[in-house]
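Engineer: got a structure for you, letters missing:
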């Protein structure tokens, strides 16, 4: 197999070739590493790679032999570094596999490296000081999004066909929109964060991946869903596979479309036009689409403040533990200015304020539940703007406190955080391109537990407006 052939498949397609004996896992690994060498110097998505053992693979596994990359945070692989995109954690080596890593192995995925993340995953761009900015394969001057920007750039450039990603405020969906990928954030409680964590950001964060095909994300969710011993709560698996859902029609859906975000942000004209085009596409497929705007139940300012308190208070424990373990001071020598500001802000959050923030989470969740009793799906832009120029996100970061940095993050991606606060499934689907060749993602959100409905709709859209044939400026298959 040649590199240009490797990049034509999705993950399930490669696994089928392995099962049929047409290609061996070692050959696929070699091709993926060739792809790293070919394009990573331009996009800086993979921060470390290594040779992986493939001789003991179960060829009946859904992703048998498929090359895979894990994000440099949230998942741990025994004996491999996990550095949180930070100088503070430089050289930090995981002692054991996390539950999710065990599931990746059982799925047959061959993990051969880790992808970049902003420091502590505290941004929706991926420009860490420690490993340098990740560049968008569609335009190297633009951001690939974040916090799973390394994963997105690697998949978009054809290094791997799918990659691990996390999402606490849009960190799967923002990079998917920025790089022309499919990105599903599953419902809260479907995927384990154990054993070292019960929740990420008090339930706001979840894990899954980024992919070029809808079916790869569906099969990945099949592979990793489920409870591990000691889970604080579990969202029960349905009586069917997620992969089976992509073979079904979604039926006629009630879709509410929201153009302006809760903070008043309006999408730029090209994104607004893409949203209008999506509405026409959905109506042509038989869905009922009407203007709608879910009520948060609190002001936008209160929403951002609650998130800032939850995020920054959670951050304190991570940073203190890493500093103590590695004997490093918490300072500008080890942390970026924005991260240090968030850490200091988190130390000021009182227990009463933290509980009040969780009360806001409840209020928002209840109001969103009422909305999804009336509508099957909420349709929005994923982002109000096209991918930002590198460097723009960090402008004047040294003048912001933790609340100010969180407000900047939410200004960048105001449509995405609702799904995290309310625990809802949501996806970004790459349905359009800008006039200058940048991907435009469209977000679909559904009620709690309705992941299957989104997958059915996503596959219908993938058939009606396919995106797999698009190729970025930087492409391993060239």
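Structural biologist: Happy to help now that I have it. As the structure is a computational prediction, the values presented were derived from the model and not from experiment.

Engineer: Tell me the secondary structure at residue 131.
Structural biologist: The local conformation at residue 131, judged by DSSP: H, G, I helix; E, B strand; the rest coil, is coil.

Engineer: Leaving out chain neighbours, which residue sits closest to it?
Structural biologist: On the basis of CB to CB, 6 or more residues apart in numbering, the spatially nearest residue to residue 131 that is not a chain neighbour turns out to be residue 47, at 4.7 Å. Quick note: C-beta positions are derived from backbone N, CA and C, even for glycine.

Engineer: On the three-state scheme, that neighbour is what?
Structural biologist: With three-state DSSP as the criterion, residue 47 was assigned strand.

Engineer: so who does it touch?
Structural biologist: Taking CB atoms under 8 Å, 6 or more residues apart in numbering as the definition of contact, the neighbours of residue 47 are 72, 83, 113-116, 131, 150.

Engineer: Let me see the ranges of the helices in the stretch 301-450 of the chain.
Structural biologist: Using DSSP state H, counting those that start in this stretch, the helices found in the stretch 301-450 of the chain span residues 337-348, 351-371, 402-412, 417-422.

Engineer: Most tightly packed of the ones you listed?
Structural biologist: Burial of the helices of the stretch 301-450 of the chain is given as mean neighbour count (mean count of other CB atoms under 10 Å); helix 417-422 ranks first at a mean of 26.

Engineer: That helix packs against which elements?
Structural biologist: Of the remaining helices and strands, those touching helix 417-422 by 3 or more CB pairs under 8 Å, 6 or more residues apart in numbering; DSSP states H and E are helix 300-326, helix 351-371.

Engineer: What sits closest to the residue nearest the centre of the chain if chain neighbours are left out?
Structural biologist: Within the chain, the residue whose C-alpha comes closest to the C-alpha centroid is residue 172; the distance, by CA atoms, centre = their mean, is 1.6 Å. Nearest-residue entry for residue 172: residue 183, 4.3 Å, with adjacent residues in sequence omitted and distances by CB to CB, 6+ apart.

Engineer: cool, and residue 414?
Structural biologist: If the residues on either side of it in the chain are set aside, residue 414 comes closest to residue 261, at 3.8 Å by CB to CB, 6+ apart.

Engineer: Run a quick neighbour tally on the one you found.
Structural biologist: Taking other CB atoms under 10 Å as the neighbour definition, residue 261 ends up with a count of 22.

Engineer: List the residues that contact it.
Structural biologist: In this structure, residue 261 makes contact with 380, 384, 414-415, judged by CB under 8 Å, 6+ apart.

Engineer: do the same with residue 441
Structural biologist: Going by CB under 8 Å, 6+ apart, the list of residues near residue 441 reads 173, 176-178, 180, 183, 381-383, 428-431.

Engineer: Just say helix, strand or coil for the residue lying closest to it once chain neighbours are set aside.
Structural biologist: Take residue 441 and drop its neighbours on the chain: the residue closest to it by CB to CB, 6+ apart is residue 177, 2.6 Å away. For residue 177, the secondary structure call by three-state DSSP comes out as helix.

Engineer: my read: residue 177 touches residue 440, true?
Structural biologist: Yes: using CB atoms under 8 Å, residue 177 makes contact with residue 440 at a distance of 7.0 Å.

Engineer: For the two, list the residues in contact with both.
Structural biologist: Both residue 177 and residue 440 are in contact with residue 430, where contact means CB under 8 Å, 6+ apart.

Engineer: low pLDDT regions in the stretch 351-478 of the chain?
Structural biologist: Low-confidence segments of the stretch 351-478 of the chain, defined by pLDDT under 70: none present.

Engineer: want to throw the contacts of residue 47 into a markdown table with secondary structure?
Structural biologist: What follows is these, written out as a markdown table (three-state DSSP):
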| residue | secondary structure |
| --- | --- |
| 72 | coil |
| 83 | coil |
| 113 | strand |
| 114 | strand |
| 115 | strand |
| 116 | coil |
| 131 | coil |
| 150 | helix |
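
Engineer: Closest to residue 200 out of those?
Structural biologist: When the contacts of residue 47 are compared for distance to residue 200 (CB to CB), residue 72 comes out closest, at 14.6 Å.

Engineer: before we move on, back to that, with respect to residue 208, which of the contacts of residue 47 is nearest?
Structural biologist: Looking at the contacts of residue 47 and their distance to residue 208, the nearest is residue 115, at 14.2 Å (CB to CB).

Engineer: Residue 101 and residue 236: what is the separation?
Structural biologist: According to CB to CB, to the nearest Å, residue 101 stands 23 Å off from residue 236.
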